[in-house]
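*Asks:* Sequence first, predicted coordinates after that:
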Amino acid sequence: MTMDVPEGFVRHTRSSPLTEPWEPIYAKRSDSAVILALRLAKPHTNSRGMVHGGLIAALADNAMGLSCGVKIDSGGTRLVTVSLAVDYLGTAQTGQWLTIEPDVVKTGRTLCFAQCLIKADGEVVARANGTFKLVTPKS
């Protein structure tokens with residue numbers, strides 16, 4: 001099991017209490033997306049030793065929402081998840097490099113639509129899509 005981090009990935013700086021036990025999480029940013037990734041370990045698995053579907057769903061939600069934010073570049077506006085759907089297509093094991101690769105499909109005045117592929121060592125193990133609402137924080 002190699003612990004190397006592929007080129008272009010750096011430690012993801014936006015953590016939350018939910019994702020804290022899964023650290024380290026890595027990110028690769030472009031002008032249109034934030035790809036999240038991590039090296040799968042025991043804390044990422046279910047009782048059968050495979051990556052937990054909840055981890056996949058949470059990271060897909062996170063990557064798609066962050067990518068919508070990059071596309072919209074809305075300053076103080078925040079995004080909240082309206083809907084999230086995940087199709088589990090395969091399994092992933094500890095030691096594999098898991099990537100969440102989002103694509104923003106469409107942005108509008110109040111909604112953003114995104115999709116992503118979740119890959120373990122380059123093989124697709126899930127796909128997801130989500131809808132995100134732009135919310136202006138109350139003063």
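*Replies:* Sure, I can see it.

*Asks:* burial count for Val34?
*Replies:* By other CB atoms under 10 Å, 22 other residues sit near Val34. Just so you know, the C-beta spots here come from the backbone N, C-alpha and C atoms, and that holds for glycine as well.

*Asks:* Kindly state the beta-bridge partners for it.
*Replies:* Arg29 (DSSP bridges).

*Asks:* Longest strand in the protein, by number of residues?
*Replies:* Longest strand of the chain, by residue count under DSSP state E: strand 123-135.

*Asks:* List the buried residues in it.
*Replies:* By neighbour count on 16 or more other CB atoms under 10 Å, the buried set for strand 123-135 is Val125, Ala126, Arg127, Ala128, Asn129, Gly130, Thr131, Phe132, Leu134.

*Asks:* now swap in stretch 13-33 and tell me
*Replies:* Thr19, Trp22, Ile25, Tyr26, Ala27, Lys28, Ala33.

*Asks:* Out of those, which two sit at the greatest distance?
*Replies:* Comparing all pairs in the buried residues of stretch 13-33 by CB to CB, the longest separation belongs to Trp22 and Ala33, at 20.1 Å.

*Asks:* ok, which stretches of this structure are helices?
*Replies:* Here the chain has its helices, by DSSP state H, at 53-72.

*Asks:* where does it have low pLDDT?
*Replies:* For the chain, the stretches flagged by pLDDT under 70 are 1-3, 74-76, 139.

*Asks:* at 50 instead, please
*Replies:* 1-2 (pLDDT under 50).

*Asks:* if you go through it in chain order, where are the strands?
*Replies:* 10-11, 26-29, 34-39, 78-88, 97-107, 111-120, 123-135.

*Asks:* returning to that earlier point: identify the residues contacting the longest strand of the chain?
*Replies:* 51, 53, 56-57, 60-61, 64-65, 68, 72, 74, 77-92, 98, 105, 109-119 (CB atoms under 8 Å, 6 or more residues apart in numbering).
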